[in-house]
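K.L.:
I need the structure of the sequence given here:
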Amino acid sequence: MPPRAGAAIAFVILTTVISSLLGIITPAFSRIFLDRLLTKQNPEWLMPFTIFLAGTGVVQLIVAWMQAVYSLKINGKLAMVGSTTFMWKILRMPMEFFSQRMAGDIQGRQASNSMIAERLVDTFAPLALNAAMMVFYLVVMLRYSVILTLIGLASVLANLVLSGIISKKRMNITRVQMRDAGKLAGTTVAGIEMIETIKASGAENGFFEKWAGYQASVNASQVKFQRMNQLLGLLPTLVSSVCGTAVLMTGVFLAMNGEFTVGMIMAFQGFLSSFVSPAATLISAGQTLQEMRTDMERIEDVMKYPTDVACESSSDDENAEYNKLSGSIELKNVTFGYSRLAEPLIRDFSMTLKPGARVAFVGASGCGKSTLSKLISGLYKPWSGEILFDGKPMSEIDRSVFTGSLAVVDQDIILFEDTIANNIKMWDNSIEDFEMIMAARDAQLHEDIMQREGGYQYKLTEGGKDFSGGQRQRMEIARVLAQDPTIIILDEATSALDAKTEYDVVRSIKDRGISCIVVAHRLSTIRDCDEIIVLDRGNVVERGTHEELMAHGGVYTQLVSNE
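P.N.:
Sure thing, here's the model as predicted:
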């Protein structure tokens, strides 16, 4: 922990000790006032008493203010460390993790870090001091009266039992609440992301009904939680009231017998209050810990999830120089499916791609073309078989080498609300401006960019909505080419381009000598590929060049004739 954070924690502990010591003085003031000043036994004490009481109040205010300030600093530090650690872990997760969880649910777990940090500081930091102060107040109370002390202890034990019951009920409801809130957040995010599709298809009512169902579940859980809190929350208050009344009545009885004075009763009540307060804090801490268990389980689900093997192979040396892969790829008997409970989607697939060569995957929708591209790009791991790059599996290749050599252009185009330059460079300062311009020229986008005000410094709207579909697709291609990859995967990457622009882009990629894997429905783009692999339900049914497959007169010929 940084020195400043450690100093802040030490200062909070110091101010807590001072506050506790001042809390000891307050009950003594009550006894002096009632037994000495009000009865006029020591009237000369009035002025010193008043000055000392006022000074104590001022010190308490200053200490409370400083304690709050430094507690906020610690909260901020812990929240920052927790959030950044969580987000770094998220970025290093394999794709299987994201396929099993909604984006809104993951975002909700990220937000829980700040809440947990705040509770850790406010609730758990002063526990040791509270326990010590309880012992001190207990000793003082025993010196006053054993009977009254036993009454106070009985109330604390009763609250302890009640808190255990309340906490278990709260924890079960909180689990349901978190689950429903995650579904609601995920549905909301998905709806906003696909708003164009929803409006274009007139599906507003259907989506709203689905969203409203999740919202109703969340509201019902919240109402149930609040109702239970209100009802069960009255029990500790009732116990405290009964305890206060019992102490007062017993104290009056002792005073009537001459064993106590009125001042001693007031002082004992002050010490009892000071004893019950840290006891309540300790009980509340245990209760809070149980209630936090749901949030902590959701965060641990992320932190304990195995990191992507490719990320673990990444070098931490910022000054290291990386070579690129040559572009050689070999798939040996690869089998894969998205669910182990179902039949595999890809079965016993093999392929060899030489540096600078081009291969195309074709077939009907759902045949496994895009799945193969995701396997090659490392997003998913095969169930069996091997995927080798330059004769080595991905686990033996430094991640920086792999990501610097292989690039993917798919159907999902993501553009940020930033300059064109930053969208192409992806904030990578190692990419020179001339490399960016060359990439844009090869993507047939340079002329369009220069027509914009500011050229490459033109700021896009969110999602690049101020560009056409073809321009957005070419910007995605330019982004990939700016990385100077040796392997590129084009998954329907030119579907929005006209025939001439598509031809020019494909020719530019070929001229760069990049090994290319093409996933396409439009077969005109793959005629000159070195190999065309025809897939059907994950199986290879035909493979060869365009001329060989056309001469064969099989599935490929039928696909071409149906185009």
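K.L.:
do you know the pLDDT at Gly191?
P.N.:
On pLDDT, Gly191 comes in at 82.
K.L.:
and for Lys459?
P.N.:
Taking Lys459 on its own, its pLDDT is 90.
K.L.:
do the same with Gly356
P.N.:
You'll see Gly356 listed with a pLDDT of 89.
K.L.:
backbone phi and psi for the nearest residue to it once chain neighbours are set aside, please?
P.N.:
Nearest non-adjacent residue to Gly356, counting by Cβ to Cβ, 6 or more residues apart in numbering: Gly513, 4.6 Å away. From N, CA and C alone the C-beta is placed, and that goes for glycine too. The phi/psi pair for Gly513 (degrees, to the nearest 10) reads phi 70, psi 30.
K.L.:
how near is Gly513 to Ile487?
P.N.:
Distance of Gly513 to Ile487, given as Cβ to Cβ, to the nearest Å: 11 Å.
K.L.:
I'd guessed Leu549 sits against Glu531; true?
P.N.:
No. Leu549 lies out of contact with Glu531 (Cβ atoms under 8 Å); the separation is 9.9 Å.
K.L.:
what do these two both touch?
P.N.:
Common contact partners of Leu549 and Glu531 (Cβ atoms under 8 Å, 6 or more residues apart in numbering): Arg543.
K.L.:
which of the helices or strands spans Phe136?
P.N.:
Using DSSP states H and E, Phe136 falls within helix 127-144.
K.L.:
pull that helix out as PDB, backbone CA atoms only.
P.N.:
The C-alpha trace of helix 127-144 is given here as PDB (Å, rounded to 0.1, in the frame of the first residue of the first chain):
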ATOM      1  CA  LEU A 127     -13.300  -3.400  14.900                       C
ATOM      2  CA  ALA A 128     -10.200  -4.100  17.000                       C
ATOM      3  CA  LEU A 129     -10.500  -0.700  18.700                       C
ATOM      4  CA  ASN A 130     -14.200  -1.200  19.400                       C
ATOM      5  CA  ALA A 131     -13.500  -4.600  21.000                       C
ATOM      6  CA  ALA A 132     -10.900  -3.000  23.300                       C
ATOM      7  CA  MET A 133     -13.300  -0.200  24.200                       C
ATOM      8  CA  MET A 134     -16.000  -2.700  25.000                       C
ATOM      9  CA  VAL A 135     -13.700  -4.400  27.500                       C
ATOM     10  CA  PHE A 136     -12.800  -1.000  29.100                       C
ATOM     11  CA  TYR A 137     -16.500   0.100  29.400                       C
ATOM     12  CA  LEU A 138     -17.400  -3.300  30.800                       C
ATOM     13  CA  VAL A 139     -14.800  -3.000  33.600                       C
ATOM     14  CA  VAL A 140     -16.100   0.600  34.400                       C
ATOM     15  CA  MET A 141     -19.700  -0.600  34.400                       C
ATOM     16  CA  LEU A 142     -18.900  -3.500  36.700                       C
ATOM     17  CA  ARG A 143     -17.300  -1.100  39.200                       C
ATOM     18  CA  TYR A 144     -20.600   0.800  39.300                       C
END
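K.L.:
and the angle from the helix or strand just after that helix to helix 127-144?
P.N.:
Once the chain leaves helix 127-144, the next helix or strand it forms, by DSSP H and E, is helix 146-193. Helix 146-193 and helix 127-144 are oriented at 160 degrees to each other (axes from the mean of the first three to the mean of the last three Cα atoms, to 10 degrees).
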